[in-house]
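Novice: what's the 3D shape of this:
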Amino acid sequence: MSRIKAAFGTLVVAQTAHSIEEYVGRLWESFPPAFFLTGLISRDRELGFIVINVALVGFGYWCLLWPVRRNWLAAVPLAWFWVVIETINGVGHPAWSLRQGEYAPGLLTAPVLFVLALYLGSQLRKSPRPVSGAAS
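Specialist: Numbers count the residues shown, from 1 in each chain. Model (predicted):
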């Protein structure tokens, strides 16, 4: 489980860097799904982007510090959830950049997310499920 914890923690840190790269590049201005989602949160799409990403990254750290670190039964499904999200990120950003024919915000950190997600998934497949069902 220690490799899973380390991989998960590294993935959350990488997502933090990814969110910062997207913010600096103003992703909500160039990527239609980000434009749509941020508008659901606020008319000020920059604020909407900040809210969504702070919530996402905060959720990642919460998952790391409680379910994953303490071996809750929920840790494995939560970790798989992150594998899926970061695999989509890792594929989506390069695909969008290729379609646009130029750099798109998030492109630099997306491959890191992809590799870490694959590694975390491989560790999850090798590891038995946690034994405890509650916080320890």
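Novice: which other helices and strands contact the longest helix anywhere in the chain?
Specialist: Counting residues, the longest helix in the chain under DSSP state H turns out to be helix 75-100. When contacts are defined as 3 or more Cβ pairs under 8 Å, 6 or more residues apart in numbering; DSSP states H and E, helix 75-100 packs onto helix 2-24, helix 45-63, helix 110-126. The C-beta positions use only the backbone N, C-alpha and C, and glycine is treated the same way.
Novice: rerun that using 6 Å as the cut-off
Specialist: If contacts are counted by 3 or more Cβ pairs under 6 Å, 6 or more residues apart in numbering; DSSP states H and E, helix 75-100 sits against helix 110-126.
Novice: got the buried residues for the helix it packs on?
Specialist: Neighbour-count burial for helix 110-126, counted by 16 or more other Cβ atoms under 10 Å, picks out 110, 112-114, 116-117, 119-121, 123-124.
Novice: cool, and stretch 11-20?
Specialist: 11-16, 18-19.
Novice: now stretch 38-50
Specialist: So, applying 16+ other Cβ under 10 Å, buried residues of stretch 38-50: 38, 45, 48-50.
Novice: Also stretch 18-31?
Specialist: So stretch 18-31, judged by 16+ other Cβ under 10 Å, has buried residues 18-19, 21-23, 25, 27-28, 31.
Novice: circling back to that earlier point, report the angle between the longest helix of the chain and helix 110-126.
Specialist: Counting by axes from the mean of the first three to the mean of the last three Cα atoms, to 10 degrees, helix 75-100 lies at 150 degrees to helix 110-126.
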